[in-house]
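A.B. asks: Quick one: sequence plus predicted model below, questions after.
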Amino acid sequence: MPKDAVTLIVILGAREGQETILEAELRALVAPTRKEDGCLGYDLYRAADAPGAFWLHEVWASREAHAEHIHTPHFLRWNARKDALLASRDATFWKRIA
């Protein structure tokens, strides 16, 4: 793991009635994001008991690599759509310490 690597945990809640569309939009991010040079891991989860809750576990080579990600066409498409789909969003960067 690169010494500058960071993990981003994103917890998303769908607006009522938007669960299926939100899942499709999130799934559309996975393949192109995993192909990015600075992406070390990008996994999408859906809560087992709450169909509108999603969790992204992203690992980036650096904060700079993530900064490049937010300028990609697939991310910009998501960014333009997300407000109509999300009831909540929480994102936190983490550094591995052990």
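C.D. replies: Ah, there it is.

A.B. asks: now the strands for this structure?
C.D. replies: 6-14, 39-46, 53-60, 86-94 (DSSP state E).

A.B. asks: Dump those into CSV; add distance to Glu68, mean pLDDT and mean neighbour count as well.
C.D. replies: Heads up, the C-betas are built off the backbone N, CA and C, glycines and all. Shown next, in CSV, are the strands of the chain (distance: least, CB to CB, whole Å; pLDDT from 0 to 100; neighbours: other CB atoms under 10 Å):
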stretch, distance to Glu68, mean pLDDT, mean neighbour count
strand 6-14, 13, 98, 17
strand 39-46, 10, 98, 16
strand 53-60, 9, 98, 19
strand 86-94, 15, 98, 12
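
A.B. asks: Please convert those strands to TSV, extending it with distance to Asn79.
C.D. replies: Below are the strands of the chain laid out as TSV (distance: least, CB to CB, whole Å):
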stretch	distance to Asn79
strand 6-14	13
strand 39-46	16
strand 53-60	14
strand 86-94	11
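
A.B. asks: So for stretch 35-53, could I get the coordinates as CSV, restricted to C-alpha?
C.D. replies: Provided in CSV are the C-alpha atoms of stretch 35-53 (Å, rounded to 0.1, in the frame of the first residue of the first chain):
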residue,chain,number,x,y,z
LYS,A,35,-9.8,1.6,-14.2
GLU,A,36,-8.5,4.9,-13.0
ASP,A,37,-4.7,4.9,-12.3
GLY,A,38,-5.0,6.1,-8.7
CYS,A,39,-7.8,3.7,-7.7
LEU,A,40,-6.6,0.9,-5.5
GLY,A,41,-10.1,-0.3,-4.6
TYR,A,42,-13.7,0.7,-5.2
ASP,A,43,-16.5,-1.4,-3.7
LEU,A,44,-20.2,-0.8,-3.5
TYR,A,45,-22.5,-2.3,-0.8
ARG,A,46,-26.2,-2.2,-0.1
ALA,A,47,-27.5,-2.6,3.4
ALA,A,48,-29.1,-6.0,4.0
ASP,A,49,-32.0,-4.7,6.0
ALA,A,50,-32.4,-1.1,4.6
PRO,A,51,-32.8,-1.2,0.8
GLY,A,52,-32.2,2.6,0.5
ALA,A,53,-28.8,2.6,2.3
